[in-house]
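sequence unknown, structure follows:
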């Protein structure tokens with residue numbers, strides 16, 4: 001049984017290591033973002049769109065994806081006096097689109113972040129079903145990584161417990177780790 005659990009523990013670790021490292025790196029950017037440079041590039045352009053291709057915000061978004069190189073999930077659709085606005089977002093890039101029915105022009109204000117902000121956006125991405133298959137896959141991998149880390153911890157505790165020679169050291173490390181985690185959680189809740 002020990003050999004089987006050890007192989008399971010190792011297999012889980014090798015499976016989730018990349019995602020865990022991405023989350024670890026993004027956590028560093030969260031904690032030290034004031035110290036780490038992370039510039040944003042902003043651009044603005046206007047494109048003419050045929051009225052038939054912009055009857056609804058979703059149709060306009062499809063037109064911008066097909067013919068103007070935009071990518072992202074459509075969010076925050078709102079009506080204006082002469083048209084509508086919405087955002088197209090994917091981690092690292094956001095386009096704010098404003099469409100005027102009078103002029104037939106779509107104004108696109110784009111922001112592109114560097115790696116730090118992109119990692120933080122990936123870290124805080126929420127929801128499971130998205131318009132983009134890439135975002136849905138990211139959500140699935142995040143969920144599997146979460147379960148994998150729980151199984152990694154449980155199998156590690158089992159391996160530690162059955163190895164009598166390391167129970168004392170493992171018990172101390174487990175107690176210190178749990179105490180640190182609980183104290184950090186309590187302190188972050190008191191601060192907000």
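Sure, I can see it. A quick note: this is a predicted structure, and the numbers were derived from the prediction, not measured.

for the lowest-mean-pLDDT helix or strand in the chain, which positions count as buried?
Ranked by mean pLDDT, DSSP states H and E, the helix or strand of the chain with the weakest confidence is helix 115-123, at a mean of 81. The neighbour-count check on helix 115-123 (16 or more other Cβ atoms under 10 Å) flags 116-123 as buried. In this view, the C-beta of every residue, glycine as well, is placed from N, C-alpha and C.

how does the chain divide into domains?
Per automatic domain parsing, the structural domains of the chain span 2-35+122-191, 40-113.

check the ones you listed for me and report the most buried one.
Scoring the domains of the chain by mean neighbour count under mean count of other Cβ atoms under 10 Å gives domain 40-113 as the most buried, with a mean of 15.

I'd like the mean pLDDT over that domain, please.
What domain 40-113 shows for mean pLDDT is 89.

follow-up on the earlier one: just checking, what packs against the least confident helix or strand of the chain?
Here helix 115-123 touches helix 2-31, going by 3 or more Cβ pairs under 8 Å, 6 or more residues apart in numbering; DSSP states H and E.

out of the buried residues of helix 115-123, the closest to residue 106 would be?
Proximity of these to residue 106 (Cβ to Cβ) peaks at residue 121, which lies at 23.9 Å.

strands along this protein, start to end?
Using DSSP state E, the strands of the chain run over residues 40-48, 73-79, 83-90, 93-100, 105-113.

from residue 75, how far off is residue 138?
For residue 138, the distance to residue 75 equals 16 Å [Cβ to Cβ, to the nearest Å].

I misspoke; the intended subject was residue 39.
23 Å.

cool, and residue 40?
When distance is defined by Cβ to Cβ, residue 40 is 18 Å away from residue 75.

in space, what's closest to the residue at minimal distance from the centre of the chain - neighbours in sequence excluded?
The centre of the chain sits closest to residue 122, judged by Cα atoms, centre = their mean, with a distance of 1.9 Å. Distances taken as Cβ to Cβ, 6 or more residues apart in numbering place residue 91 nearest to residue 122, at 4.9 Å, with adjacent residues excluded.

ok, the one you found touching residue 123?
No. The pair residue 91 / residue 123 is not scored as a contact, 9.2 Å apart, by Cβ atoms under 8 Å.

just checking, residue 9 touches residue 152?
Yes. Between residue 9 and residue 152 there is a contact under Cβ under 8 Å: 6.6 Å.
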